[in-house]
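**Q** Task: produce atomic coordinates for the following.
(3 chains)
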Amino acid sequence: MENFLLRNIENPNSADINEYLKVGGYKNLTKSLGMKPKDIIEEVKKSGLRGRGGAGFPAAMKWNFATADPKFPKYLLCNADEGEPGTFKDRPILEKNPHLLIEGMVISGYALGSEYGYIYLRGEYPQAKDILNEAIKQAYEKKYLGDDILGKGVKFHLSVYQGAGAYICGEETALIESIEGKKGQPRSKPPFPVNVGAWSMPTIVNNVETLSNVPYIMEIGGDAYSNIGSKDCPGPKLFSVSGYVEKPGVYELPMGISLRDIIYKHAGGIKDSKKLKAVIPGGISTPVLPADGIDCAMDFVSMPKAGSMLGSGAVIVLDESVCMVRVAYRALKFFEHESCGKCVPCREGTDWLRKILERIENGKGSEGDIYLLSDVAGLISGRTFCPLGDGAAGVVTGMIKHFRNEFEEHIKNKKCVVS
Amino acid sequence: MFGETVLKEIDEIRVKYPDRRSALLPSLYIAQREFGWLSQEAMQCVAKALNLSESIVRGTASFYSMFKHKPVGRHLIQLCTNVSCMILGAERLVDFLGNKYGLQPDGTTEDGRLSLVVMECIGACGTAPAMLINTDFYDNLSEKRIEEILEKYK
Amino acid sequence: MISLTINEKEVTLDKPVTVLEAAKQAGIKIPTLCHHDLLKPWSGCRLCVVEVERMPRLQTACTLMAADGMVIKTESEAISNVRRGILEFLLINHPLDCPYCDKAGECELQDLVNKYGPTVGRYKEEKRKVPESHKDQIIARNTERCVMCTRCVRMCNDVQGASAISIIGRGNHSRMEPFSSESFDCEYCGNCLTVCPVGAILSRLYIHSFRPWQVDKEVGTICSYCGVGCSLVVQVRDDSIKRVIPKLGFGLNKGLLCSRGRFGYEYVNSPDRLKTPLVRKNGKLEESTWSEALSIIADKLTEIKGTSGGSAIAGIASPRCSNEDNYVLQKFMRVTCGSNNIDSLSRTGFAAAQKYFEDLLGQGITANIIDGIKNSEVVLVIGGDPTAVNPILGLSIREAARRGASIIVLGHAKGLEKFKTVQVVPPLFKEAEVLEALLVELFRAKGVRAELPFIDKEMRELSEKAAEKMDLPGFDELMKALLNSASTSIVLGMDLIQRTNGHRSLFGVAGITYLLEARLYLLSERPNEQGLIDAGCVPDMLPGGRPMNIPDFKSKFEAAWNGPIPDDDGLTLFEIIEGIKNRNIKALYVMGENPVFNLPGGPFLKDIFGNLDLLVVQDIFLTETAEIADVVLPALGWAEKSGTYTNLERRIQLQKQAVKTSRGMEDWRILSEISGRMGQKMGYLETDDIMREMAKVSPLYADLTYDEIGKGDCLWPYHGKPLRGEMNEVPPVVDAEKDYKADFYLAPEKLLFHSGTLSRKSPALMKICPEPTLKMSAASAGKLGLKEGDRVQFSTTAGSSEAPVSIDESIKDNRVFLSNNFQGSGVMDLLSFSIDEVTKAFGIEGCEVEIKKHGIKA
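**A** Numbers count the residues shown, from 1 in each chain, chains lettered A, B, ... in the order given. Down below sits the predicted model:
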């Protein structure tokens, strides 16, 4: 499959608008502005595009909810708060292909009747901020943004909003709170952002990758797009591969490719020919899979059946040298650090889990601790305000399910037995 | 108090959003740039510039980990230690910074040159371990490489 | 109609509510820690989970809307497991210090753990340790006990609008703090205390002094401070007030209080209270007996009435006293003393404006429900800061702002700084011109309303006279907002009335009200300014707003009161003062008022009061006026007696006795005693007797009873029919063509934390705000080279004083402000004044003041 999302990124000047135009950039915008907004949404619907942020919600359905709401203005927010540990797939788009995202947002804005877009960019990407701002400036100059885009009377304004270091802001309602200048604590749903979102107006929040797929859909048509990859969730998907592989990096591959192929065919297999121990398939909030559990199709529908989730498609490969208790501890340290504090089970539970894991890892665990871990994870799971707490509980449950012996060894030997 | 130029900069941000409070995070970044960290005075300046309550400003700022609530050194190292970086040796690098430079997480060297913050994922897992120094990005880190890089930050 | 089943009980709802609310309506309590009826749903504690048929997960009842056909269980094993789990989480960091904690006994966490467990905790690591903070003089903060429900912060932000506290940090490392981390420096409403479920926020007025179960009795009453009349509960132990708390969901304040209402009750037990009658002997006030003091007064009044006639006697009524007290005072004046010279200090503001508006627009024009403000599209605030004068009314304005209303401030209002949409600053002392210009523009845009021909004509004449449109920043925006508004509230403070031509502003406001069909609210500093008017404590009207000059009315009252009422209209406040100066008035009877301190020109008043043959003051403290009286009588105060009060909405409410004391006598009883000694028996045994009489004679109170009033919704026009008053002419306008070119002008300021006589004897309020400050704009301070806290000396032609400087961002002109609350340093003594011939209020504009940094010689 030819790259689309990562097209031309080897070109050192790929972020420049002229380079983007050379490879056919913004022609999909021209084409789209010649269509009726509802026909664009129809194409997206036909394409079967699902949100790439992690939840896999059908994009066209979200769009239709938003356009059905009679209130204006509507806001289009691009979720560029790529915070899920292990994930770095949006970064090449933001830094090397920013005009693809801008083109996707203008087309989407036109389709949605939205005249204002904001890219909520995580604070940890300062370079991306400069690159995006420059790209936006160029797009304004060439009339791809502004009050009268390409002389078609279409209006769309775009700017970057810089986050400031809060993982939870990747959750769409937390992102909305944050762009309103508040703490990034998730809101109750309903009302959903498509009806009452940023500044109380209908708001569409889509991931960088989702919006960057829109020009492609317009290029090849919804039907052709729907034939790429999995039937239930088609299209190209960016996978971030990290950890113990020969060739870590971001890969644009068809949705539904097997996890084994990602690791062995594309990422060059396990580094230094060591033994594979486990894979975290979709970013740190997705349950770990053991070495023999990687023959699964990487898409939103198949992964839950395989005992995990696609998440953001961030594949973290762990070899035999890695201590799973330590990974769990580090993961929980992350969740505890990032818990927004709004709900009790997440705020108190992640801290408690971290402390139990810490004592096990440090050889101070006691016999009942594995049961306690499972039980506390159970007190969190399904009871939190947003999925962050579920993720934390799932990590612990998954680790104990597949690597219980390692926990037991730590407790028995009163020290870490792996590294 | 903020000077005219900064107030103008904040005003320009303000008009981009339907509500003045949206300008809070960008203004806090500006205050951090101007004061080096978010001192009480810095937050009071932001509160005044946006006509927000001081307590709202402080509460919001304190939620986000990239806002600094104590003075930091001339150069801020933000080193990722999340799983992908951890398994490839990030924790050793934290120890290295401690041993070689006397720099502890959340600490500043005595000469005020360097501060260290241990970060969650900074999106460089494919080239782990990685760090930011101020807004410059460095990856594929090793002890030796860090030593070389830090030569540039005096 | 929504029907659902909760715990096998059929519940029918007439409007959509949450499952939590639906259950509450059905008498089913679902446990919560973060939810509070005064706040919006938060859904953080997860304790309110319920089972809903055909829904996969447990749902939080506080956020789930009840839907038709839902089948809900609020208790089950699964639910109990969740709740036990949540409570185990909360107890990880919560100290087990219940035996020591003041909240024990009314702690929501304690009650929940008692019900749902767990019995033991499995957490092994160290608990969070944070020392209790005593850095604030009023609020004790113990964040160790905090369960992070955020109720306090949401109350402070979303309801009170003070935004003084917030959660600092994120997740498990966060804590509630004020901005300074130490003292709260807030509005001290204490509404955070009301909502805290645990012992994390407590009042230092009562910690370590009693336990909730030791309260002997709780008395539901109303507040004694301002014209809003909030409902509150007084908790009493051993005949002393232990605590004042609100009653949730009750009264017009619905569970909210302000600093004065919540923390200002300690004056009741002040050691400075008057204990026995005092009689001036050989030039000195000496302790006396009731019988001696009352006889002296009766004899002297009888003598003066006999020699100089009733018109040589005058009375000053009290907006701090009840309707019953004031009714008896005016009856005493009119019938026993034979004088219609009865007025009050409300003449200087509320009563003057109220009369003007009622004459022009009809009776009841100011009778509007405070709660209605929040639904306005535009709130126009003029002549004062509602959040300071009437704090709970101020909250409605803030709520309107949150709901998207335009808040337009003409002048300045500090408490609305963060809520205002536009601030229009009139040229100095030219508010009337701005209001007239506004009226003209509105009239030109809206045309003739043709309901009150007389006002229509006046407006037409004004608009013909007016030349250009006013060029003032914000004026156009103000105009546009008013023209586009479908519902406008106008909130008028007294500052504009206290002008030599204050009536011109009043006409402007009346015209705008009329043209826009706006709701008009008069700020009222004292609890019974409206009530004393209704009770007849005005020189030209009998109780119930019955004009003196209609013989039918007069004869009815004479029959009921068993005695003649003089024919002439009595004198208004400043006419009485003039009368004292000219020695036409020989006796002044002052009930619960302190004119020497509360009126401008105090030294002058003190001087001319020396002309009187008899000055009687009945009060609860030895006020500046009492100090120069011939006889001083100790009265009973708030919480010591019962009676009704009429608030600025014209809502009659019942204030109830909570504690007994032998110090003094009710105001009405004192008057009744004197009247009897003067041969006019009143025959009242209790307040009920007075109320019964008022209900009989006053058409306003027709058939009212305490039982009915006690229900809290006795709003004008009660049972009686409103009398439509009418004014046939607007008095001619005297153009005061004066330029105000001085550097600084002194003006009075109303404080949130003080009212004067009562507040300065309340230790908590004195701790919050211990001394007056001279408030000025940043520009003025800059001009004088002053910074916050610098002490300055300032002087006017009337006198001089000193105070620290306080910079107020909301002030945009060169006026400086000083309050009139602290003994020995009130602003009124420094002001010279004139009289508005229409409203008979004083005008105190243009008082030049010279300001010097302390210690610097000129």
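**Q** element containing B:Phe137?
**A** Assigned by DSSP states H and E, B:Phe137 belongs to strand B:136-138.
**Q** Which is the succeeding secondary structure element to that strand?
**A** Next helix or strand after strand B:136-138 toward the C-terminus (DSSP H and E): helix B:143-150.
**Q** other SSEs contacting that following helix?
**A** helix B:90-101, strand B:131-133 (3 or more Cβ pairs under 8 Å, 6 or more residues apart in numbering or on different chains; DSSP states H and E). From N, CA and C alone the C-beta is placed, and that goes for glycine too.
**Q** looking at these, which is buried most?
**A** Across the helices and strands packed on helix B:143-150, the average number of neighbours (mean count of other Cβ atoms under 10 Å in any protein chain shown) peaks for strand B:131-133, which reaches a mean of 22.
**Q** Centre of the chain to that one, how far?
**A** 10 Å (Cα atoms, centre = their mean, to the nearest Å).
**Q** can you check stretch C:163-181 too?
**A** Computed by Cα atoms, centre = their mean, the chain-centroid distance of stretch C:163-181 equals 31 Å.
**Q** What of stretch A:10-24?
**A** Computed by Cα atoms, centre = their mean, the chain-centroid distance of stretch A:10-24 equals 25 Å.
**Q** C-alpha coordinates for it, PDB please?
**A** Listed next in PDB are the C-alpha coordinates belonging to stretch A:10-24 (Å, rounded to 0.1, in the frame of the first residue of the first chain):
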ATOM      1  CA  GLU A  10      11.200  11.800   3.600                       C
ATOM      2  CA  ASN A  11      11.400  15.200   1.900                       C
ATOM      3  CA  PRO A  12      13.200  17.400   4.400                       C
ATOM      4  CA  ASN A  13      11.000  20.400   3.400                       C
ATOM      5  CA  SER A  14       7.700  18.400   3.400                       C
ATOM      6  CA  ALA A  15       6.100  20.800   5.800                       C
ATOM      7  CA  ASP A  16       6.400  23.700   3.300                       C
ATOM      8  CA  ILE A  17       3.200  24.400   1.400                       C
ATOM      9  CA  ASN A  18       5.000  24.500  -1.900                       C
ATOM     10  CA  GLU A  19       6.300  21.000  -1.400                       C
ATOM     11  CA  TYR A  20       2.800  19.900  -0.300                       C
ATOM     12  CA  LEU A  21       1.300  21.400  -3.400                       C
ATOM     13  CA  LYS A  22       3.900  19.600  -5.600                       C
ATOM     14  CA  VAL A  23       2.500  16.200  -4.500                       C
ATOM     15  CA  GLY A  24      -1.000  17.200  -5.100                       C
END
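**Q** Just to be sure, C:Arg280 is in a strand?
**A** Yes. Assessed with DSSP: H, G, I helix; E, B strand; the rest coil, C:Arg280 lies in a strand.
**Q** Quick one: name the residues of the stretch 301-419 of chain A near chain B.
**A** Residues of the stretch 301-419 of chain A lying close to chain B by Cβ under 8 Å from any Cβ of the partner chain are A:314, A:316, A:318, A:321-322, A:326-327, A:330-331, A:334, A:337-338, A:340.
**Q** for stretch C:513-529, what is the average pLDDT?
**A** Mean pLDDT, stretch C:513-529: 97.
**Q** And the helices in chain B, which stretches?
**A** B:4-14, B:24-35, B:40-50, B:54-63, B:83-86, B:90-101, B:143-150 (DSSP state H).
**Q** Most tightly packed of the ones you listed?
**A** Among those, helix B:83-86 has the highest mean neighbour count (mean count of other Cβ under 10 Å), at a mean of 28.
**Q** Could you export that one as CSV, CA atoms only?
**A** The C-alpha coordinates for helix B:83-86 follow below in CSV (Å, rounded to 0.1, in the frame of the first residue of the first chain):
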residue,chain,number,x,y,z
VAL,B,83,7.6,2.6,29.7
SER,B,84,9.1,2.8,26.2
CYS,B,85,11.9,5.1,27.5
MET,B,86,12.2,3.2,30.8
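**Q** What are the contacting residues of it?
**A** Here helix B:83-86 makes contact (Cβ atoms under 8 Å, 6 or more residues apart in numbering or on different chains) with A:85-86, A:242-243, A:280, A:284, A:316, A:326-327, A:330-331, A:334, B:79, B:121, B:124-125, B:128-130.
**Q** Break the chain down into its structural domains.
**A** Reading this off chain A. Taking automatic domain parsing as the reference, chain A has its domains at A:17-226, A:236-319, A:324-413.
**Q** my bad, chain C
**A** Here the domain parsing of chain C from automatic domain parsing is C:2-75, C:101-107+C:124-269, C:278-345+C:528-715, C:350-446+C:458-522, C:745-853.
**Q** could the ones you listed go into CSV alongside mean neighbour count?
**A** Shown next, in CSV, are these (neighbours: other Cβ atoms under 10 Å in any protein chain shown):
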stretch, mean neighbour count
domain C:2-75, 18
domain C:101-107+C:124-269, 20
domain C:278-345+C:528-715, 21
domain C:350-446+C:458-522, 21
domain C:745-853, 20
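**Q** Which one of those lies nearest to chain B?
**A** Using Cβ to the nearest Cβ as the measure, domain C:101-107+C:124-269 is the one of the domains of chain C that comes nearest chain B, at 2.7 Å.
**Q** For the domains of chain A, give me CSV that also has mean neighbour count and mean pLDDT.
**A** Formatted as CSV, the domains of chain A follow (neighbours: other Cβ atoms under 10 Å in any protein chain shown; pLDDT from 0 to 100):
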stretch, mean neighbour count, mean pLDDT
domain A:17-226, 22, 97
domain A:236-319, 22, 97
domain A:324-413, 22, 97
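**Q** Of all those domains, which one is nearest C:Ile807?
**A** The closest approach between C:Ile807 and any of the domains of chain A, judged by Cβ to Cβ, belongs to domain A:17-226 at 26.1 Å.
**Q** does any part of the closest one sit near chain C?
**A** Yes. On the criterion Cβ under 8 Å from any Cβ, domain A:17-226 is in touch with chain C at A:166, A:183, A:188.
**Q** residue of chain B with the smallest distance to chain C?
**A** Closest point on chain B to chain C, by Cβ to the nearest Cβ, is B:Gly59, at 2.7 Å.
**Q** Enumerate every residue touching the residue nearest the centre of chain A.
**A** The geometric centre of chain A, computed from its C-alpha atoms, lies nearest to A:Gly53 (Cα atoms, centre = their mean), at 3.4 Å. By Cβ under 8 Å, 6+ apart, the contact list for A:Gly53 reads A:79, A:170, A:172, A:206-207, A:209-210, A:312.
**Q** Right, I'll call it a day here.
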